[in-house]
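Structure of the sequence below:
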Amino acid sequence: MKTEGIVREAFADAKSAMIHEADIASVAATALTADGHAGQEYWLTGPEALTPPEKVRTISDVLGRDVRYIELTKNEIVVQWRQTGYSDEDIEFFLTMRTNPPQAGYTVLPTVEKVTGRPARTFAQWVRENAAAFGA
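The predicted structure is shown next:
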């Protein structure tokens, strides 16, 4: 991605409501230091459920340069995962999460704002904060 401006990923329709790591930390800090959180269980998500092509468009927009999405086939991504060193069990899990994900993986919840009093951070915010990792 850094050198050629291409993201190769499979399962273009798979949505994910990824959460910013700072939001996880904010919820944890609030739950540990404020009253009323004892015994609570919080499901955390980001404020949007995005597909891989939507994530790539966001990266491109935030960085101000062309970043393209190339969809890999299931077989191509499995080969890539194997070459990376993932076990068969890991690969089965990855395939399940992308082809038949649990609803919790793509359902946006207001938990971050309810617990912390501020909205969850967007993927675009995360990209801006981590632009150097993308070679920007």
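
Need the residue closest to the centroid of the chain.
The centre of the chain sits closest to Met18, judged by Cα atoms, centre = their mean, with a distance of 3.4 Å.

OK, contacts around it?
Taking Cβ atoms under 8 Å, 6 or more residues apart in numbering as the criterion, Met18 is in contact with 45-46, 50, 123. Just so you know, the C-beta spots here come from the backbone N, C-alpha and C atoms, and that holds for glycine as well.

can you do 7 Å?
Each residue near Met18 by Cβ atoms under 7 Å, 6 or more residues apart in numbering is listed here: 46, 123.

Check for me that it belongs to a helix.
No: with the criterion set as DSSP: H, G, I helix; E, B strand; the rest coil, the secondary structure at Met18 is coil rather than a helix.

switch to numbering from 29
From this message on, residue numbering opens at 29, which makes the last subject Met46.

Got the confidence number for it?
On pLDDT, Met46 comes in at 95.

separation between it and Ala148?
As judged by Cβ to Cβ, to the nearest Å, Met46 and Ala148 stand 10 Å apart.

okay, and the common contacts of these two?
Gly74.

okay, which residue of the protein is out on the far edge from center?
Max distance from the centre of the chain (Cα atoms, centre = their mean): Asp63, 30.0 Å.

just to revisit the earlier point, just read off the phi/psi values of the residue nearest to the centre of the chain.
phi -60, psi 150 (degrees, to the nearest 10).

same deal with Pro138?
Dihedral angles (degrees, to the nearest 10) for Pro138: phi -90, psi 20.

Who are the contact partners of it?
Here Pro138 is in contact with no residues (criterion: Cβ under 7 Å, 6+ apart).

mind running it again at 10 Å?
73, 75, 147-148 (Cβ atoms under 10 Å, 6 or more residues apart in numbering).

Buried among those? Make that a PyMOL selection.
Filtering the contacts of Pro138 down to the buried ones (16 or more other Cβ atoms under 10 Å) takes a single PyMOL command:
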select buried, resi 73+75+148
